[in-house]
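> Give me a model of this one.
(2 chains)
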Amino acid sequence: MRWLKRNLVVLAGLLTLGYLIVPNIVVLVFSFNKPAGRFNYSWQEFSTDAWTDPCGVADMCGSLALSLQIALWATIGATVLGAMIAFALVRYRFRARGTINSLIFLPMAMPEVVMAASLLTLFLNLGVQLGFWTILIAHTMFCLSFVVVAVKARVMSMDPRLEEAARDLYAGPFQTFWRVTLPIAAPGIAAGAMLAFALSFDDFIITNFNSGSTVTFPMFVWGSAQRGTPVQINVIGTAMFVIAVLVVVAGQAISNRRQKSALPK
Amino acid sequence: MTLTDAPPAPPSPPAPVVRRIPSRRRLVPYLLLLPGILWLLVFFALPLLYQASTSVQTGSLEEGYEVTWHFATYWEALAEYWPQFLRSLLYAGTATALCLLLGYPLAYLIAFKAGRWRNLLLVLVIAPFFTSFLIRTLAWKTILADAGPVVDLLNALHVLDVTSWLGLTSGERVLATPLAVVTGLTYNFLPFMILPLYTSLERIDPRLHEAAGDLYASPATVFRKVTFPLSMPGVVSGTLLTFIPASGDYVNAELLGSTDTRMIGNVIQSQFLRVLDYPTAAALSFILMAAVLVSVTVYIRRAGTEDLV
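Sure thing, here's the model as predicted:
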C-alpha cells in the first residue's frame, strides 16, 4: 500500500503513456491482418500480403508521393521565409514589431478550420483553380510561424560576441554569416524544418478545404474511412513510424558524438 | 510599413551584420521580413477579410453572390447551430481537462523521476506523431469496437451503465457516442499538453522541493504550493495548445462519432464543401474565431501570464 502511494505518479504516468502508444501498436498489428470485408477494423487472420505489396491499392502510393513532394517544397519555402523573419526579429530593431509578432502568432492561435475556410474564400473569390499550388501555398503559410518560433529560440540564445570576433578577424559580412552565424543557428533551422515537414505531411483540415480534387495521403486515408480501409494504409503508417524513429535515433547519436569530440582532450 | 522613415536605429548590442554601409543597414531588417510577412499578409490576413465580406453576402451559386451587408446571416447561423457550438466548446473543454489530468503525471514523471530513461520517454511521447493522425484515429475504431475487449471490460465493470446514465454513451456501445469523440480528442491533443508541461516542470530547481520538505511541508503541500504554481506557464500554454485545435476539430467527431455528436467544425466543413452555402459557412467560421479569441484572451488574463509568445 505504501509502495503504491509512493509510486502513484509513476503508475499514472505510465498509464498515460500506454494510452498514447496503444493506437500505434494496433496500427502495427493490423498491418498483418487479412480483413474479411472492405474495412480493416476487426482481426481475422495473420497475413503478410499488404507488406509484400504495399502499393497494391489504386492511387495510394501516388497520393503518398504527392504528399512527400508538397511537404518538401512547403518545408523549403517555410524554412527560408521563416528563418529570415526570425533573424530580423532577434537581430534588428524596426517599426511595427508588435504587429509583425502578432501576425506570426495568430496563425498558431486560431482553429485550423478557420484558416482553411478563409483561405478557401480567397481562392473562390479570385477564381483560383484548387489543386497542387493552393495546397502548397496553404502549407507554406501555416508552417511559417512554427519555423519562426523554432529558429528564433536558437538565434536568441546565440552569443553575439562570436560574430563580433569574426568581424574583428576581418571576416566580411557574408563570410561572418556563412561561417559563423549559419552553423550556430543550424540546429534551430533544422528543428524548424523538421517540424514544418511533419506538419505539412500530416496536414488534413487545411488540405481538405483547399485541395479541390487533388488527393494527398491524409486525404486518401480520409476517403478510405468512407469507402473501405485497405491494409496497406497500416503498412505505410507503420513504415513512417519506423523511419521517423530511426531518423530521431540517428540524429541523437550524431549530436552525442559531436558533443564528445567537441570536449577538450 | 514605410521603409524610408525608419527611426535612426540605436546601436543595439548584437551589432547588425552590415556595418560598413550605414545607409543600407536600415533596410536589412525590412528586406529580411518582406517575403515572409507578405506571404502571411496575402494568405493569412487577406483571406480573413475575404471571409468577412463573404459572410455578409447574399445570393446563390447560380446567380453569384453580392455584398449586401446582410448581418442577419450571423443570427440565423447562431440560431440554427448553437447546439453544435455549445457541444464543441463542451467537448474541447472536457478533452482539455482530461489532457491536463492525464498529461501532468506523465510530464512530472519525465521531468523528475525518469533519470536516464528521460530521453526514451520523450521520444515515446512524440513518436505517435510519426504515424498519420488519421490512421491513428481510425485505430480507435478497432480499440473501441462493439463487443471488443475494451467495451466488454467497461461493461463488466458497469462503467457503461454510469456513462449511459450521464448521457455519454448509449446502450452497450462506445463508438458513435460522445465518449468516443472525447476519447479521440483527448488522445490526439495529449502530446500538445505534455510537452509544454514538461518544459516548465523541467526548469524547476529540485532543491525547492527539498527546501519545502525541510520546512515540514507534506508532499501534497509541496505540490500545491511549490510545484504546481511554478508549472503554471506550462499549464497555460498546454491548455491553449489543446483547446484551440480541439474546438475547431471535425475529424474525431466524423470518424468516431455520429450525427448526434457533430461539432461546429463538421458544420463549417459540410457548409463549405458539400452544401456550398458560403455566407453561412463564413459567418460560422467567424463566430468560432471570435469565440476562441475571446475565451483565450480572458483565460490568459485570468491566468496572469501574458508572455506566451
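> Just give me the neighbour total for B:Trp165.
9 (other CB atoms under 10 Å in any protein chain shown). For every residue, glycine as well, the C-beta is placed using N, CA and C.
> For chain A, see how far away it is.
Per CB to the nearest CB, to the nearest Å, B:Trp165 is found 24 Å from chain A.
> which stretches of the stretch 1-150 of chain A form strands?
Assigned by DSSP state E, counting those that start in this stretch, the stretch 1-150 of chain A shows no strands.
> oh, I was asking about chain B
Secondary structure of chain B by DSSP state E: the strands cover B:57-60, B:64-67.
> Give me the buried positions along the first one.
Along strand B:57-60, the positions that meet the burial threshold by neighbour count (16 or more other CB atoms under 10 Å in any protein chain shown) are B:Gln57.
> ok, back up a step: can I get the strands of chain B in a markdown table with mean pLDDT and distance to A:Thr134?
Listed next are the strands of chain B as a markdown table, based on pLDDT from 0 to 100; distance: least, CB to CB, whole Å:
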| stretch | mean pLDDT | distance to A:Thr134 |
| --- | --- | --- |
| strand B:57-60 | 83 | 21 |
| strand B:64-67 | 80 | 20 |
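> of the ones you listed, which approaches chain A most closely?
strand B:64-67 (8.9 Å; CB to the nearest CB).
> could I get that closest one in CSV with only the CA atoms?
Extracted C-alpha coordinates of strand B:64-67, given in CSV (Å, rounded to 0.1, in the frame of the first residue of the first chain):
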residue,chain,number,x,y,z
GLY,B,64,-23.4,34.8,-57.9
TYR,B,65,-23.0,36.5,-54.6
GLU,B,66,-23.1,40.2,-53.7
VAL,B,67,-22.2,42.1,-50.6
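> quick one: it near chain A?
No: using CB under 8 Å from any CB of the partner chain, we find that strand B:64-67 stays clear of chain A, coming within 8.9 Å at best.
> which strands and helices sit next to that strand?
Strand B:64-67 sits against strand B:57-60, with contacts defined as 3 or more CB pairs under 8 Å, 6 or more residues apart in numbering or on different chains; DSSP states H and E.
> which stretches of chain B have low pLDDT?
B:1-25, B:304-309 (pLDDT under 70).
> In it, what residue comes closest to chain A?
Counting by CB to the nearest CB, chain B gets nearest chain A through B:Gly248, at 2.5 Å.
> Give me the pLDDT value at the residue lying closest to that residue once chain neighbours are set aside.
Sequence neighbours aside, A:Pro111 is the residue nearest to B:Gly248 in space, at 2.5 Å (criterion: CB to CB, 6 or more residues apart in numbering or on different chains). Predicted confidence (pLDDT) for A:Pro111: 94.
> Return the residues in contact with the residue of the stretch 51-200 of chain A found nearest chain B.
Nearest residue of the stretch 51-200 of chain A to chain B, counting by CB to the nearest CB: A:Pro111, 2.5 Å away. Contacts for A:Pro111 (CB atoms under 8 Å, 6 or more residues apart in numbering or on different chains) come out as B:Ile244, B:Pro245, B:Ser247, B:Gly248, B:Asp249, B:Gly265, B:Leu288, B:Met289, B:Val292.
> for A:Gln252, same thing?
B:Asn119.
> which SS state does it fall under?
helix (DSSP: H, G, I helix; E, B strand; the rest coil).
> Flag every residue of the stretch 151-265 of chain A that's near chain B.
Within the stretch 151-265 of chain A, the residues that sit near chain B (CB under 8 Å from any CB) are A:160, A:163-164, A:167, A:173, A:176-177, A:181, A:198, A:202, A:204-205, A:208-209, A:217-218, A:221-222, A:225, A:229, A:233-234, A:236-238, A:240-241, A:243-245, A:248-249, A:252.
> Please convert the buried members of those into PyMOL selection syntax.
Here is the PyMOL command that selects the buried residues among these (16+ other CB under 10 Å):
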select buried, chain A and resi 163+164+167+173+176+177+181+198+202+204+205+208+209+217+218+221+222+225+229+233+234+236+237+238+240+241+244+248
